[in-house]
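[1] Model the structure of this input:
(chains A and B)
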Amino acid sequence: MVKRNLRFAAALVAFAPLFSAAGGPAHAWSTARGVPSSLDASEEIIEVDLHQLTSIAWEPGDEVPEEIQRLNGRRVVLRGFMHASVAGDQRKFPMVTEACQCTASLMPSHFVEVDLGPTARTGPRTGQFEVVGRLEIGAVEEDGLVVSLYRLKGRFY
Amino acid sequence: MIRRIAGFVALLLVCTVGVADRAAGAPQRGQAAKLAPAELVERHLQTARAGALQVRSQAAGRLLTLGDVARDRLLELFAGDLDALAEQGQETVEILGRFEDPRLRDLAWSALGDLDFPWRPAALRGLAREGTAADGDRFLAGLRDPLAAVRAAAVTGIEAVAQHDPSIADRARPSLRAALADEDDRVRRAAAFALDTFGDADALYWPLADLERDDRWFELENGRAARYDALRQMATRLGDTAGYRPEKDPDDPENRTAWTVLEQRIRERAARAAGVELDAYEPPQLPPVARPAAPMPPPIAGIEVRSCRRGEFFLALGSDDTLRIGLGNPAVFQLAPGRAAQLAALLGSGYAAVGDERDFGEPGCDLEVYRVAPESPTRPSHLRLLKGPAPIPGLRPDALTPFIEALRHDLVGTAGPEVAERFTAALQAVGGPIAPD
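    Next up, the predicted model:
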């Protein structure tokens, strides 16, 4: 455990510049396509690279790097894929950087759980797509097991 | 009156069942501590096998904390029964090697030795976490495995063994140097970092080259993924990222500056390791597969096959009549003029024959995805076959056969019969036998 924490601390130190205030992990989103009508036009929507969220070295019990934690509650746009495990019509689905993570286990830090809201549903999608909505960061547990680290309430864009 | 009583009884029943349901559905946190260890083992086994994907690994990890009770149950259930172990899933397979028990480690080794076992990478990943000196030769053999994920795990195992037996570094060095030319970038990076650990700092030029990648395979951003992975691991060895930002283009001026700083650090480290003056140090020549790809015309059609038993294949047809094999900097073969368009048309005919359906089978560890350049912005360009470890008879629509046969023919004539044979084996492992044309 000590070794793991040291590794994590080292990774944080090493990656500090990656998430520095100058630029940060996110960029103001190009509004060329306009702000979706369901979002407050006065609130900035930032483009976040899904890889930045999902490539951190994280295990249950670890803290999320502060620079990523800062995105908590922000309205963001993400680009990625629906996990290949999704079948049937779903309100929520895991969004990943690659649909098939066939040779490794899916960990909570590897995806953003997208929640389309109480009335919306989607079937499986194959290609790359974007979602826009509010990002929530922090481990959510059920039965003592972490079921998600990143959540986004929003919609396809 | 009777109706009223019946109504009351029904209401009572509904309430009781509702409470019971909630209790059954949410016993976990409150009751977990009250369960006997043997009950906890069953619960974690069940969650590891059939729980939500993202909790399976955590549930399997809990088995480790239960010690002997879990060990004995795992032996009882799975010793000598690889079929039952396969059905239990990769998360449980992955923890077998982490028990300090030779019988469970032997079980994991026997799973690895069975080429039809679907979770071989997981078996070796677990073994690699606790690599012992006695395992050295087995990990070395793993570097020659047909599955890239197994080869990458073997590298991790060699590093673990080195903690107990430093002599493995010299024994593994030739194989690790060879792995720097592996067709899979995960294996190349693993080998590079292992070699750096063993004193061959020049190997860091391999992940440094990954920072210059911006390749895509259709919409898959493999270059971007490689930049993230390479930088994360390099930063822990070189102090920091020097300001390199993987989300930005590699040619971004700030990234070019950061790359130069990182290159200088690697050069100094490698010169020191080689015992030569900095001015006299010559960086290594990277094999073509490890270099960033030159710009290529976009692909017009392709096929991605990922079999948990037979490995991965990525074949793309370029508008410049090329057949490209692999990700990153692929092997490129020239086809006859007009041939790529012919093959893409064959695939398009297959699409048309199957109608609007684009997904076949059930999600699992196996995937066969066909891609054509988008037919229209709203129409998917993918056709997917999905399945788990168990075969699904008739999974692949026969309408795809002409395209597959034509592609296999071209593979034999370009990359050669051995590659075509491996490709066919992977296809058959996912979509089943290729129907006669």
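[2] going forward, measure contacts between C-alpha atoms and count neighbours the same way
    Will do.
[3] Can you show me the helices along the stretch 201-350 of chain B?
    For the stretch 201-350 of chain B, applying DSSP state H, counting those that start in this stretch gives helices covering B:205-210, B:222-238, B:253-274, B:339-354.
[4] Show me the contact partners of the second one.
    The contact list for helix B:222-238, computed with CA atoms under 8 Å, 6 or more residues apart in numbering or on different chains, reads A:10-11, A:14-15, A:51-52, A:55, B:185, B:189, B:193, B:204, B:207-208, B:210-216, B:240-241, B:246-247, B:262, B:265-266, B:327-328.
[5] Next step: those residues restricted to strands.
    Cross-referencing the contacts of helix B:222-238 with the strands (criterion: DSSP state E) gives no overlap at all.
[6] among those residues, which ones are buried?
    Buried members of the contacts of helix B:222-238, counted by 16 or more other CA atoms under 10 Å in any protein chain shown: A:10-11, A:14-15, A:51-52, A:55, B:185, B:189, B:193, B:204, B:207-208, B:210-216, B:240-241, B:246-247, B:262, B:266, B:327-328.
[7] Now chain B against chain A: closest residue?
    When CA to the nearest CA is the measure, chain B has its nearest residue to chain A at B:Asp240, with 4.2 Å between them.
[8] Let me see the ranges of the strands in the chain.
    You didn't pick a chain, so chain A it is. Under DSSP E, chain A gives strands at A:26-28, A:45-48, A:75-82, A:92-96, A:112-115, A:129-142, A:145-156.
[9] I was after chain B.
    Ranges of strands within chain B are B:299-307, B:311-318, B:322-325, B:331-334, B:359-361, B:366-372, B:382-387, based on DSSP E.
[10] Nearest the geometric middle of chain A, what residue?
    Central residue check for chain A by CA atoms, centre = their mean: the C-alpha nearest the mean position is that of A:Val112, 3.7 Å away.
[11] What residues are bridge-paired with it?
    Listed beta-bridge partners, A:Val112: A:Met95, A:Tyr150 (assigned using DSSP bridges).
[12] so where's chain A uncertain?
    Regions of chain A meeting the criterion pLDDT under 70 cover residues A:1-42, A:101-103.
[13] dump the residue contacts of the residue nearest to B:Ala331 when sequence neighbours are not counted.
    With sequence-adjacent residues excluded and distances taken as CA to CA, 6 or more residues apart in numbering or on different chains, B:Ala331 is closest to B:Ile325, at 5.1 Å. Contact partners of B:Ile325, counting by CA under 8 Å, 6+ apart, are B:Phe313, B:Phe314, B:Leu315, B:Ala316, B:Ala331, B:Val332.
[14] mind running it again at 10 Å?
    B:183, B:302, B:313-317, B:331-333, B:411, B:415, B:419 (CA atoms under 10 Å, 6 or more residues apart in numbering or on different chains).
[15] How about B:Cys365?
    The contact partners of B:Cys365, by CA under 10 Å, 6+ apart, come to A:84-85, A:100-104, B:118-119, B:306-309, B:386-390, B:430.
[16] could you flag which of these are buried?
    If you count burial by 16+ other CA under 10 Å, the buried members of the contacts of B:Cys365 come out as A:84-85, A:100-104, B:118-119, B:306-309, B:386-389, B:430.
[17] since we're on residue 123, how many residues are nearby?
    Going with chain A. Number of residues near A:Gly123 (other CA atoms under 10 Å in any protein chain shown) recorded here: 13.
[18] wait, chain B
    Neighbouring residues of B:Ala123 were enumerated by other CA under 10 Å; the total is 30.
[19] So it is in contact with B:Ser110, correct?
    Yes. Between B:Ala123 and B:Ser110 a contact is recorded at 9.1 Å, counting by CA atoms under 10 Å.
[20] list residues touching both of these two?
    Residues touching both B:Ala123 and B:Ser110 comprise B:Phe117, with contact defined as CA under 10 Å, 6+ apart.
[21] Which residue is the nearest non-sequential neighbour of B:Arg371?
    Excluding its sequence neighbours, the residue lying closest to B:Arg371 (CA to CA, 6+ apart) is B:His382, at 4.7 Å.
[22] show me what contacts that neighbour?
    Taking CA under 10 Å, 6+ apart as the criterion, B:His382 is in contact with A:125-127, B:301-303, B:351, B:358-359, B:369-374.
[23] Give me the buried subset of those.
    The neighbour-count criterion (16+ other CA under 10 Å) marks A:125-127, B:301-303, B:351, B:358-359, B:369-373 among the contacts of B:His382 as buried.
[24] now those in JSON lines, with distance to B:Pro146?
    Formatted as JSON lines, those follow (distance: CA to CA, whole Å):
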{"residue": "A:Arg125", "distance to B:Pro146": "31"}
{"residue": "A:Thr126", "distance to B:Pro146": "28"}
{"residue": "A:Gly127", "distance to B:Pro146": "29"}
{"residue": "B:Ala301", "distance to B:Pro146": "26"}
{"residue": "B:Gly302", "distance to B:Pro146": "22"}
{"residue": "B:Ile303", "distance to B:Pro146": "19"}
{"residue": "B:Tyr351", "distance to B:Pro146": "31"}
{"residue": "B:Arg358", "distance to B:Pro146": "30"}
{"residue": "B:Asp359", "distance to B:Pro146": "28"}
{"residue": "B:Val369", "distance to B:Pro146": "21"}
{"residue": "B:Tyr370", "distance to B:Pro146": "23"}
{"residue": "B:Arg371", "distance to B:Pro146": "25"}
{"residue": "B:Val372", "distance to B:Pro146": "28"}
{"residue": "B:Ala373", "distance to B:Pro146": "31"}
